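Asks: Okay, sequence plus prediction incoming.
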There are 2 protein chains.
Amino acid sequence: MKHFIILFILIAQIAAAQQTEMSLKDAIQGRYTYLRPSTLRGVAWQTNTVYTFTSEKTLWAETVKKGDKKALLTADELSKITGVNFPRFPRYKWLNSSDILVKTPSTYLVVNGINKQLKYKIVLPKTAANTVFNAAGKFVSFTEGNNLFVAFQNGEIVQITTDGGNGIVNGQSVHRNEFGITNGIFNSPKGNFIAFYRKDESMVRDYPLVDFMAREAEPKPVKYPMAGMASHHVTLGVYNIKTGKTIFLKTGKPLDHFLTNVAWSPNEENIYMAELNRKQNYMQLNCYRVATGEKVKTLFEEKSDKYVEPLFPIQFSKVNEKEFYYLSRKDGWFHIYKYNTDGVLIQQITKGKWEVTSILGFDPKEKNVFVQATKDSPIENNIYKVEIKSGKIVRLTPEKGIHRGVLSTEAANIIDFWNATAVPGKVDLISAKGKIIRNLHTASDPLKNYNLGENSLVKLKTKDGKTDLYGRLIKPVNFDPEKKYPVVVYVYGGPHSQLVNSGWHNSARWWQYYMASKGYIAFTLDGRGTNNRGRDFETAVHRQLGVLETEDQMQGIEYLKSLPFVDVDRIGVHGWSFGGFMTLNLMLRHPETFKVGVAGGPVVDWSMYEIMYGERYMDMPQENPEGYKNSNMTNYVSNLSGKLMLIHGVQDKTVVMQHSMKFLRACIEQNKQVDFFAYPTHPHNVSGVDRLHLMEKVSRYFFDFL
Amino acid sequence: MKHFIILFILIAQIAAAQQTEMSLKDAIQGRYTYLRPSTLRGVAWQTNTVYTFTSEKTLWAETVKKGDKKALLTADELSKITGVNFPRFPRYKWLNSSDILVKTPSTYLVVNGINKQLKYKIVLPKTAANTVFNAAGKFVSFTEGNNLFVAFQNGEIVQITTDGGNGIVNGQSVHRNEFGITNGIFNSPKGNFIAFYRKDESMVRDYPLVDFMAREAEPKPVKYPMAGMASHHVTLGVYNIKTGKTIFLKTGKPLDHFLTNVAWSPNEENIYMAELNRKQNYMQLNCYRVATGEKVKTLFEEKSDKYVEPLFPIQFSKVNEKEFYYLSRKDGWFHIYKYNTDGVLIQQITKGKWEVTSILGFDPKEKNVFVQATKDSPIENNIYKVEIKSGKIVRLTPEKGIHRGVLSTEAANIIDFWNATAVPGKVDLISAKGKIIRNLHTASDPLKNYNLGENSLVKLKTKDGKTDLYGRLIKPVNFDPEKKYPVVVYVYGGPHSQLVNSGWHNSARWWQYYMASKGYIAFTLDGRGTNNRGRDFETAVHRQLGVLETEDQMQGIEYLKSLPFVDVDRIGVHGWSFGGFMTLNLMLRHPETFKVGVAGGPVVDWSMYEIMYGERYMDMPQENPEGYKNSNMTNYVSNLSGKLMLIHGVQDKTVVMQHSMKFLRACIEQNKQVDFFAYPTHPHNVSGVDRLHLMEKVSRYFFDFL
């Protein structure tokens, strides 16, 4: 099968040193604690040529030129200045070249880091949440319960909304964090206004979660907008700090549309939003007048016969207030566009069959934009400088891997955090011209003494041979090519995910190394629908979730079957959430292939999933009955022949436990044996200390039955 | 171990015929359908010397003297008479020697069976429930929703209560069916009054059950009075049919007492009740005046330092209206007492270290009472005639086994339904003098072609050597004494149960035969706390549930370990409800012994169980914190070393799923692996067609891990 190409095999094995077997504790807890690669902490740019970072007790500064390390401020000094005890140097942010912002759970402190003085502080109530600091206005906006407040440095606290409660929520994230939304407060750039989401979810049904840990179990209902049912109504309020008045933008009907990607004009006169219809196939970029709430105009539209998914707010130019940049997938790939405020497209800045994944910033004259992108490979993420005028693009990170850049204040320098297949983690200082000035930190390999399975990337093709698919294969520890080994596939497969890339250990979950240490081949493949591969690769799954994703996973299986050391009668699969859905798809659509499956928090039937994510990919149940039927796993239960376990968090508010309950019921009705486990206090996944219990349960299921 | 005595070994094996292996379907579904022993259906006494029974289409009569079978009435005739289509002859009841009562879902029909005429009918609304017919008054009392109604033969329907709803329930069973309560309507003997329970449960907390099968899961809360928390308040109303007025008996405070064992005086002037305090250690037998609701007097009291549990209403003498009979365990064993209505004890009629389990009736002059009792063995149930004056007792059923008698109208004859270890079922006609007149029916053995494990009863001793314990051992099919076999213990162990007796196959669950066919020894033992062994045997477990029951089960284990063919390293245990609690006790208190356990619907912590049953045995949590702590299975999770699966019906209103949830949580917190399965639509047990799925799940767990 000649199209199977091994891309990269990890690491010459130094037999003498590799003595340690990876334990489950190492894999699950060690990964993020005692086996985590070291890094440089608290890195930030003080100026265009001075960067700072923290050690346990101290904020350090170094110049780009010399790299001479100088203590700026200690935790003890900070404690003395602020009157707050900081046992270690806290997280901080440079507000300008002299002032840092630090915070405690209920106080924001602005400190002059040069002359070591407290400039001012803002004290919040202990129950404040969703706090947002505004440097220009010197205030903190926040929520308490379902209302919005603002606190000033003089101690004054003003309540902005009073209608919170009974289904009204102010100042919090809306639309279930889809469309790039992460918060509900948008302070204006000059500090004169606070814009905020108001959500009316009184018409959304309560989903009956239950707290079983109470003395007597107690209902803890949550609003859950289920596909095809009533959705919440969101509006955007704007509070004027000077007048104390709030107006609402006249966003009109239908009320169940989505208001996303809120952006202020630099002059505070207008607010821009990407507004999307519930069907998510028609977006308007709209401008509203802050003074009146009136809609000024629709700048442009995006339409699709599948869906439009705005994820990034517009970013205004700093050299021309009538222009802005916008990151859109409208040509099939995420690229940067420059518009003017009349809605006229001035220029497409980047172009090609690759994606800009992030805009790091611009140089002061906006001649260049710095981005992270997949230009050189969809499984890498490099930093590039793009000349705006010409579109000329220069890669600044020579070594392949996953890079994340922090641009200096005037874009002269970049700190590059990166890792790669055989690189646990490095922090490099690079110039905007692409010169590596110096290495700031190199993590030693915490796994250097571990006896790990050989990890390689493979590049396969979709069934029609047209599209690349990337996979990762880990061989069992002490691999013997003469033997036959069982396989455990780990799968996710849903939009906005990428499990296989050129990060450290090809971004393998260490659980896969654990399984490899127990004699299993660990395999993962990213099929259609997943991220960084462009619009068409993703939207191919529209209205038929599970179908092509399964077809692509089976290409991985064909590859595995071509390997002489794979025991084709012992293939298992595990995944969570969308990966739980995929596990069910694979177990039920290919019972001849999969002997054992563990589906965690699985979607069973998209009609029980929520509106914002679910209807994007599936439309409403009433609009796509065939698609819902074909993707409803209860309709495939009669195919079940392997050993299948479902696991669900009883407090799951994302994929509600009803999914597993209906699946179990279908199995029982058809007298099909199935296994189940419930985590009574956990939400959509099992994190924290209990994750060890979870992964032991998952692992044992394969040990017992595969 | 000389005190292990094999009591009875079942059945010479006829090797040639025994070819069939018992399948799980045979064991679970066949037991109550295609493998159920045949019997005589619809047996009743028309007169003192004529009994009747039904075939598919016909009501037959036979005389005691000749046994000459005569068709009395056919289904076709009955259909024609009543205008209602009866495709088969229905269940019926003789109201006197000529009239039978039959019913459809919403009509009661009184038919003269001799001259074949409809006498009258009473039509009910389709939603009528809890219907009770009164022959003297010719009415049917019933409930609709939470209110009480009465329907007359003239078509009139009167609504008696109007306050039902919002926590008020009229005319239904109360106190969760404890204290022998099965209904909430008590029509008076002459048909002039309807007494009924009124329950105010507005102060009882809702337990949040959830219907996961709905489009979006829906809360379906139920009132669940949890141990130590607020209990419901019950009163007894009396509706006067003539006046249409209702008065309530002045039962007074505390309002959370239990009103049990309601009985009418024959003249309808008084109502008698056994009233019990919430602590259940003090009972009064009280008399109330119907006309006024006033309490007339307390006839007598029963007290205990453990608990009093009245189960049987008083029965008035038919020869002296000022005397009644009462079945009480006050001397340690259930025996019959005669009192007068002044509360003076006239006579203890039966006596001894055995129990009257049921009063069948009296002869017309009340010289003799006919009872079922355990006089000859606690694992048999025979029919006896007791001369009231002398207490002289004569056994009427010579063959040991489990007998159930139906006394003729004037006590001259008895129809005896019985089965025994090797007797699938017989129906004999016997005279009140103990002569077997004839056999009416002998069931053939539906298992005669099955290859079953050898089934024997064993008599062991409690650890202190003082008390007998009965057990049942089934050897694997094709037993080879040279081999070692694993054991699966099936356990219940709670009050009011007896799993081991001299019924057909020693009352083994056929699942035990199934397991025997798969090579397992199946063992069951009734420990202290179980039924038919007297008060002290039962109440030994008071305030310390699980402790002595476990000790007694371990006597069974000691016996098993003494057998050369038992593989002591492979012992498992399964039980449901109290048996689930016992499974947890055994797995966690004796992890060195039990390798695999399956606990169905288990009580985990008695503080989550209900008031009426739970506080009887455990007192309130606040009164017995040590006892609750010691019986709380979450406190033993650290001992868990075997494979343990919990199974719970998600709709369980008896042992709420909170029990399993808290147990799982404790296991997760202590990083102990445990398995779980949930039946989403099932209540406290899994019955109906899905029971096959359940028992396959249970069985497989032992196959996989024991």
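Replies: Alright, I've got the coordinates.
Asks: which residue sits closest to A:W264, ignoring its sequence neighbours?
Replies: Spatially, and ignoring its direct neighbours in sequence, A:W264 is nearest to A:S188 (5.0 Å; C-beta to C-beta, 6 or more residues apart in numbering or on different chains). From N, CA and C alone the C-beta is placed, and that goes for glycine too.
Asks: quick one: the one you found from chain B, how far?
Replies: As judged by C-beta to the nearest C-beta, to the nearest Å, A:S188 and chain B stand 39 Å apart.
Asks: before we move on, what about A:H232?
Replies: In terms of C-beta to the nearest C-beta, A:H232 sits 15 Å off from chain B.
Asks: how would you label A:F523: helix, strand or coil?
Replies: Following DSSP: H, G, I helix; E, B strand; the rest coil, the label given to A:F523 is strand.
Asks: Which pLDDT value belongs to it?
Replies: pLDDT for A:F523: 98.
Asks: quick one: it from chain B, how far?
Replies: Counting by C-beta to the nearest C-beta, the gap from A:F523 to chain B is 26 Å.
Asks: which residues sit in contact with that residue?
Replies: Contact analysis of A:F523 by C-beta atoms under 8 Å, 6 or more residues apart in numbering or on different chains lists A:G471, A:R472, A:L473, A:I474, A:V487, A:V488, A:V489, A:Y490, A:G556, A:L560.
Asks: Let me know the closest of the residues you listed to A:H542.
Replies: A:G556 (22.1 Å; C-beta to C-beta).
Asks: for A:P254, helix, strand, or coil?
Replies: coil.
Asks: surely it meets A:R278?
Replies: Yes. Under the criterion of C-beta atoms under 8 Å, A:P254 makes contact with A:R278 at 6.8 Å.
Asks: Neighbour count for these two, which is higher?
Replies: With neighbours defined as other C-beta atoms under 10 Å in any protein chain shown, A:P254 and A:R278 compare such that A:R278 has more, 17 against 9.
Asks: For the more buried one, which residues are in contact?
Replies: A:S231, A:P254, A:D256, A:H257, A:F258, A:I611, A:E615.
Asks: mind redoing it with 7 Å?
Replies: By C-beta atoms under 7 Å, 6 or more residues apart in numbering or on different chains, the residues touching A:R278 are A:S231, A:P254, A:D256, A:H257.
Asks: List the residues that contact the closest residue in space to the first one that isn't next to it in sequence.
Replies: So the one you mean is A:S231. Spatially, and ignoring its direct neighbours in sequence, A:S231 is nearest to A:D256 (4.1 Å; C-beta to C-beta, 6+ apart). Applying C-beta under 7 Å, 6+ apart, we find A:D256 in contact with A:S231, A:H233, A:R278.
Asks: The second one reaches A:L255, doesn't it?
Replies: Looking back up the chat, that one is A:H233. Yes. Counting by C-beta atoms under 7 Å, A:H233 touches A:L255, with 4.1 Å between them.
Asks: which one of these two has more residues nearby?
Replies: Set side by side, A:H233 and A:L255 show more neighbours around A:H233, with 21 against 14, by other C-beta under 10 Å.
Asks: Bridged to the more buried one, which residues?
Replies: A:D200 (DSSP bridges).
Asks: ok, it - contacts?
Replies: Listed by C-beta under 7 Å, 6+ apart, the contact set of A:H233 reads A:D200, A:L255, A:D256.
Asks: Give me the buried positions along stretch A:105-125.
Replies: A:T107, A:Y108, A:L109, A:V110, A:V111, A:N112, A:G113, A:K119, A:K121, A:I122, A:V123, A:L124 (16 or more other C-beta atoms under 10 Å in any protein chain shown).
Asks: For the stretch 451-600 of chain A, which segments count as strands?
Replies: Assigned by DSSP state E, counting those that start in this stretch, the strands in the stretch 451-600 of chain A fall at A:455-461, A:468-474, A:485-490, A:521-526, A:566-576, A:596-600.
Asks: measure the residue nearest to A:V489 when sequence neighbours are not counted to B:I388 for me?
Replies: Excluding the flanking residues, the one nearest A:V489 by C-beta to C-beta, 6+ apart is A:V573, at 4.4 Å. Plainly put, A:V573 is 75 Å away from B:I388 if you go by C-beta to C-beta, to the nearest Å.
Asks: Show me which of those two is the more surrounded one.
Replies: Remark: of A:V573 and B:I388, A:V573 carries more neighbours, 31 against 20, as counted by other C-beta under 10 Å.
Asks: I'd say the more buried one and A:T583 touch.
Replies: Yes. If you go by C-beta under 7 Å, A:V573 and A:T583 touch, sitting 5.1 Å apart.
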